[in-house]
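1. I'll drop the sequence and a predicted model, then ask my questions.
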Amino acid sequence: MHRLISAGCLTLLIACGTTQDAPRGEATGDATAADEAAIRAIDSTWFAAFSRGDVDGVAALYADDAVISAPGAPAARGSAAIREALAKDNASFRDAGLTMTPAPTSEVGVSGDLGWIWNTFTVKDKAGATVDASKYVTVVARKDGKWRIIRDIWNSDNPAPPATAASAN
């Protein structure tokens, strides 16, 4: 019974949602291309601002109720927590002389007022040696006519460090 009610609610939500240009799931090619370009712009702005140490610029890309899930850290929920987590991350990167570079190609999808981007990035040290390769998924939502990040998660391709005796207990 619960599945039937859930399926009916989901169908109703999909049927009622609209974008500025066309019904949800039926955006015109031009609207989808413009939305994809806007989402890609968020991504490139994120990396450029982070590289400059512009934590406020990065934090401004997130919705007030966004959540980030960084590796090895608890989820940061909301503007203040996200800004704090980004500031800590950025300071660590800058202190270590690390840089991040996204891959030149990415996958982007749009469905109505929701979109996502998937890509990889490399982390290099001061000497230019790659110290990490990672991947991420960023989910965005159109809020008040502007795309904002609502969920952001990334992780490393490097193996997890071995468990220590203290962490095994």
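-> Done, it's in.

2. Following the lowest-mean-pLDDT helix or strand in the chain in sequence, what is the next regular element?
-> Each helix and strand of the chain was given a mean pLDDT (mean pLDDT, DSSP states H and E); the minimum falls on helix 2-16 at a mean of 36. Remark: after helix 2-16, the chain's next helix or strand is helix 29-52, criterion DSSP states H and E.

3. For the most centrally placed residue in the chain, which three-state class applies?
-> Nearest to the mean C-alpha position of the chain, counting by Cα atoms, centre = their mean, stands Thr138 at 2.4 Å. Of the three states, Thr138 takes strand according to DSSP: H, G, I helix; E, B strand; the rest coil.

4. Enumerate the beta-bridge partners assigned to it.
-> Ile117, Asp152 (DSSP bridges).

5. With Trp147 instead?
-> Counting by DSSP bridges, the residues bridging with Trp147 are Arg142.

6. before we move on, back to that, pretty sure the residue nearest to the centre of the chain sits against Phe121.
-> No: counting by Cβ atoms under 8 Å, Thr138 does not reach Phe121; the two are 11.6 Å apart. Glycine gets a C-beta too; all of them are placed from N, C-alpha and C.

7. For Ala63, grab the count of nearby residues.
-> Ala63: 19 surrounding residues under other Cβ atoms under 10 Å.

8. same check, this time on the one 4 residues further on
-> Each residue near Val67 was counted by other Cβ under 10 Å, and the total is 18.
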